[in-house]
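Participant: sequence plus the predicted model coming up.
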Amino acid sequence: MAYLLIFIALTNYLVDAYEIFSASAVAAASCSRSLFAVVLPFATKPMYERLGIAWACSLLGFISLILGIIPFFFLKYGDQIRARSKFCKELARRKIETDRATEKRFAEEDAQELEAAKQA
């Protein structure tokens, strides 16, 4: 359950933070997750041998429980994290410029349509 919460929250955060580059950000997160999935099995045998079955399973559960806090962290501090990011600031600036250009284009098209309607 914690894994699902973390994964969905992280994906949503990356899409919100990196907008037009969100596919690359999500791909990097998925690649990191996959690398962790490859490395973790190498640690399981020594972990279960040293800690025993009960404590090794408990350790994984405690890690999941702690990581389950991440989505709530994103909810509370996500805006502040994005505000400090130079890359996110640049994306926000580009988005404002694009929105202004789009509004200007639509206004020009509306003006042309009104002029055509007056002439007709």
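Facilitator: Done, it's in.
Participant: the residue most central in space within the chain is in what secondary structure piece?
Facilitator: The centre of the chain sits closest to residue 14, judged by CA atoms, centre = their mean, with a distance of 1.6 Å. According to DSSP states H and E, residue 14 maps onto helix 2-18.
Participant: thinking again about what came up before, residues contacting the residue nearest to the centre of the chain?
Facilitator: Contacts for residue 14 (CB atoms under 8 Å, 6 or more residues apart in numbering) come out as 22, 25, 26, 29. Glycine gets a C-beta too; all of them are placed from N, C-alpha and C.
Participant: so what's it scoring on pLDDT?
Facilitator: Residue 14 is assigned 85 on the pLDDT scale.
Participant: same thing with residue 1?
Facilitator: At residue 1, the pLDDT recorded in the model is 63.
Participant: what sits against the nearest residue to the residue nearest to the centre of the chain once chain neighbours are set aside?
Facilitator: Excluding the flanking residues, the one nearest residue 14 by CB to CB, 6 or more residues apart in numbering is residue 25, at 4.1 Å. By CB under 8 Å, 6+ apart, the contact set of residue 25 is 14, 15, 17, 18.
Participant: check which helix or strand covers residue 25.
Facilitator: Going by DSSP H and E, residue 25 is part of helix 22-67.
Participant: and if you look at residue 104?
Facilitator: Assigned by DSSP H and E, residue 104 falls in helix 86-119.
Participant: other SSEs contacting that helix?
Facilitator: helix 2-18 (3 or more CB pairs under 8 Å, 6 or more residues apart in numbering; DSSP states H and E).
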